[in-house]
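Participant: Mind folding the following:
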Amino acid sequence: MTIIDELIWRDAINQQTDEKGLTHLVKNKKISLYCGVDPTGDSMHIGHLIPFMILKRFQLAGHRPVILIGGATGTIGDPSGKSEERVLQSMEQVQENVRKLSAQMVRLFDAGGDNGIKMVNNYDWTKDLSLLDFLRDYGKSFNVNTMLAKDIVASRLETGISFTEFTYQILQSMDFLHLYQHEDVQLQIGGADQWGNITAGLEFIRKQEGSEAEAYGLTIPLMLKADGTKFGKTAGGAVWLDPEKTTPYEFYQFWLNQDDRDVVKYLNYFTFLTEDEIGYLAEKVASEPHKREAQKTLAREMTVFVHGDKALNDAEKITAALFSGDVKTLTANQIEEGFKNMPTFEAPKEERNIVEWLVDVVGIEPSRRQAREDIINGALSMNGEKILSVDTLVTPENSFDERFILIRRGKKKYFLIKLV
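Facilitator: Predicted structure coming up:
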């Protein structure tokens, strides 16, 4: 089975510029291929991962991935998929984003061996280019009528597109030519919205290198959830790869909570499980959906891939503790990660009677009478233990590392108290 055969059974190909040619190429040689991302933010989110998972599959099949971070194109703004102009960032912010995205890529891809990743930045080969050179050496090869016909531009003609964003496909074409000439890159991978940019690059390569130049493009399908909404968005916003923006526990929970109608598709797209392994999980979705075996596998695979084994262990431990209510075995760091979105209060590090503390210090209970009643009825727990007496004392010593106290009312209502 070739890598193209694998992508077909995973239903991971949207369009190819020359299916027969590319299939023949990868059967007969190990190729270099690239995918790019613009540093529009200081972290990638899971939507960015989709084409890079394809790049990773090529790497595992023995091919050489080149990852382009758009230090130049990121200052311009890709009009693809946008209904209005992007807000330009400062050069300093773009370069800081380049640094952070590059570090994320190195963690995800093996940098060693003959087919280890090559990181490139298109700012390196464009920063010294003069306007006149750009117009004479590059602009002359692009027909405005052809550029206007590309979906990425045509979709913006009614609302308007600046000359800056109009030239984006020229810059991306320059990238493909540069990598073809200097890194022997023969394939560009991108999302479905990149088809116009990719084909523009292929046309440019053949104008510069001759009609027989062997270069290809491949795009992946637009990822939509079963309900028709865009993949990767939650009520809280994007799901980031940066653990400071989306904790590993939140990341794990995102995958764990996927719809039965979507989970097999995501196993195909995002994991490196075999066709037989995914087929087994698909059967489990149909026969035993309540066990959520496919979702648990997806959550484990993705959390390990992005954050590593320790993060997965922490996420699973927090999940189990929340389900059972047995939180006393968690560390302070795990408490901080798992309960960051719970109602949060602050309290000084001092000894207080539990009733006074609940009412006067943190305000969880509306009155002392209600606090006593909830304690007597066994409705309140502190740090995983039932509060058995209205005379209980709250002290820094019975907290998580003198940083947090966790109160639970009933079975599911948690309150996080930060000691200050």
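Participant: Look up how far V87 lies from S162.
Facilitator: Counting by CB to CB, to the nearest Å, the gap between S162 and V87 amounts to 12 Å. Any C-beta I mention is one placed from the backbone N, CA and C, and that applies to glycine too.
Participant: looking at this structure, which helix or strand is least sure?
Facilitator: Lowest by mean pLDDT, DSSP states H and E among the helices and strands of the chain is strand 233-234, with a mean of 66.
Participant: In stretch 132-151, which residues are buried?
Facilitator: Residues of stretch 132-151 classed as buried: F134, Y138, F142, M147, K150 (neighbour count, 16 or more other CB atoms under 10 Å).
Participant: shaky segments in the stretch 1-150 of the chain?
Facilitator: Counting by pLDDT under 70, the stretch 1-150 of the chain contains low-confidence residues at 81, 83, 111-114.
Participant: how close does Q95 sit to Q16?
Facilitator: Relative to Q16, Q95 is positioned 35 Å away (CB to CB).
Participant: do the same with D314
Facilitator: D314 sits 41 Å away from Q16, going by CB to CB.
Participant: Have a look at those two and say which one is more surrounded.
Facilitator: Set side by side, D314 and Q16 show more neighbours around D314, with 22 against 17, by other CB atoms under 10 Å.
Participant: Next one: that one from G201, what distance?
Facilitator: 43 Å.
Participant: Next: I4.
Facilitator: Taking CB to CB, one finds I4 at 20 Å from G201.
Participant: ok, these two, which is more surrounded?
Facilitator: A count of neighbours by other CB under 10 Å puts G201 above the other of I4 and G201, at 26 against 19.
Participant: confidence score at the more buried one?
Facilitator: Among the per-residue scores, G201 holds a pLDDT of 95.
Participant: Give me the spatial nearest neighbour of it, chain neighbours excluded.
Facilitator: Using CB to CB, 6 or more residues apart in numbering and skipping residues adjacent in sequence, the residue nearest G201 is F176, 3.3 Å away.
Participant: if I look at the one you found, how far off is L33?
Facilitator: According to CB to CB, F176 stands 11 Å off from L33.
Participant: anything in contact with each of these two?
Facilitator: In terms of CB atoms under 8 Å, 6 or more residues apart in numbering, F176 and L33 are both contacted by the residues V185, Q188.
Participant: Where is the longest helix in this structure?
Facilitator: Longest among the helix segments of the chain by residue count, using DSSP state H, is helix 91-108.
Participant: Now the following helix or strand past it - C-alpha only, CSV.
Facilitator: Remark: after helix 91-108, the chain's next helix or strand is strand 118-121, criterion DSSP states H and E. C-alpha atoms of strand 118-121 as CSV (Å, rounded to 0.1, in the frame of the first residue of the first chain):
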residue,chain,number,x,y,z
LYS,A,118,13.3,20.7,7.5
MET,A,119,12.0,24.0,8.9
VAL,A,120,12.0,27.0,6.6
ASN,A,121,10.8,30.6,6.8
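Participant: ok, strand 118-121: who's next to it in the sheet?
Facilitator: Sheet pairing of strand 118-121 (DSSP bridges) gives strand 64-69 (parallel).
Participant: Which residues belonging to the strand it pairs with are considered buried?
Facilitator: Within strand 64-69, judged by 16+ other CB under 10 Å, the buried ones are R64, P65, V66, I67, L68, I69.
Participant: The second one: what's it in contact with?
Facilitator: Counting by CB under 8 Å, 6+ apart, P65 touches S32, L33, Y34, C35, L55, K56, F58, Q59, F109, N115, I117, K118.
Participant: Closest one to L129 out of those residues, please.
Facilitator: Closest to L129 out of the contacts of P65 is Y34 (19.9 Å), distances taken as CB to CB.
Participant: Disregarding residues adjacent in the polypeptide, which is nearest to the closest one?
Facilitator: Nearest-residue entry for Y34: V66, 4.0 Å, with adjacent residues in sequence omitted and distances by CB to CB, 6+ apart.
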